[in-house]
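[1] Need coordinates for the following:
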Amino acid sequence: MKLIILDRDGVINEDSDAFVKSVDEWIPLPGSIDAIARLSQAGWTVAVATNQSGLARGYFSEQTLQAMHQRLHDLVTQQGGRIDLIRHCPHGPDDGCDCRKPLSGLFQQIAAHYAVALDGVPTVGDSLRDLQAGAAMGCQPYLVRTGKGRMTEGKDLPAGTRVFDDLAAVASYLLES
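    All right, here's what the predicted structure looks like:
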């Protein structure tokens, strides 16, 4: 299985310091939907691991989050691809869970779902915590410069992190490799 794990906000869709709170605020980044579709069409299994502390903070409901994810599914399907799995952390920063990135609980859930080790599996994020969570499970980290990526680029990244302008560039690199 060729598995890839993507962060959501700042990688697939626009990020917001005020949180993405509705389907109307969920705006795909240019090229991201096509990138997911191209990966899917080439045989990649696409999973998403996303912190969604806006749930714990009361900014949006589980139903609204599911509507945003349905929009993502629909857009990728319209381009001939698919999102195979979405896992989210609904907790706030002080809830003491094991799934909020930079902890690796979401990645553990994905590994368990597919009954695979994540050694070398590409994981794409725009923040240090995205990359740290994947690297802790043996994933190959890819930083994109979208979202918070440009700020993250100057930080102490996990060893071997590859840096690309956006998800479309990561997809092109993986499909040409």
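[2] Longest helix in this protein, please.
    In the chain, with assignment by DSSP state H, the single longest helix is helix 62-78.
[3] So what touches it?
    8, 12-13, 20-23, 26, 28, 33, 36-37, 40, 46, 48, 52, 55, 82-83, 86, 88, 90 (C-beta atoms under 8 Å, 6 or more residues apart in numbering). Just so you know, the C-beta spots here come from the backbone N, C-alpha and C atoms, and that holds for glycine as well.
[4] Could you tell me which of the residues you listed are located in strands?
    Those of those mapping onto strands are 46, 48, 86, 88, per DSSP state E.
[5] Correct me if wrong: the first one contacts R82.
    To tie it back to what came earlier, the one meant is V46. Yes. Using C-beta atoms under 8 Å, V46 makes contact with R82 at a distance of 7.0 Å.
[6] Now list whatever residues contact both of the two.
    Shared contacts of V46 and R82 (C-beta under 8 Å, 6+ apart): 40, 76.
[7] which of these two has more neighbours?
    Counted by other C-beta atoms under 10 Å, V46 and R82 do not tie: V46 has more neighbours, with 23 against 16.
[8] so how far is D9 from that one?
    Counting by C-beta to C-beta, to the nearest Å, the gap from V46 to D9 is 16 Å.
[9] on that earlier part again, of the contacts of helix 62-78, buried ones?
    Among the contacts of helix 62-78, those buried by neighbour count (16 or more other C-beta atoms under 10 Å) are 8, 12-13, 20-21, 23, 26, 28, 33, 36-37, 40, 46, 48, 52, 55, 82-83, 86, 88, 90.
[10] Now, those that are in helices?
    Checked against DSSP H, the buried ones among the contacts of helix 62-78 include these in helices: 33, 36-37, 40.
[11] nearest to S127, of those residues?
    Nearest to S127 among those is I36, at 19.1 Å by C-beta to C-beta.
[12] I figured that closest one hits V11, correct?
    No. At 10.1 Å, I36 does not count as touching V11 under the criterion of C-beta under 8 Å.
[13] Common neighbours of these two, please.
    Common neighbours of I36 and V11, using C-beta under 8 Å, 6+ apart, are L167.
[14] Determine which two of the ones in helices among the buried ones among the contacts of helix 62-78 are furthest apart.
    I33 and S40, at 10.7 Å, using C-beta to C-beta across those.
[15] Show the low-confidence segments of the chain, by residue range.
    Across the chain, not a single residue meets the criterion (pLDDT under 70).
[16] how about a cut-off of 90?
    Within the chain, the stretches with pLDDT under 90 are 177.
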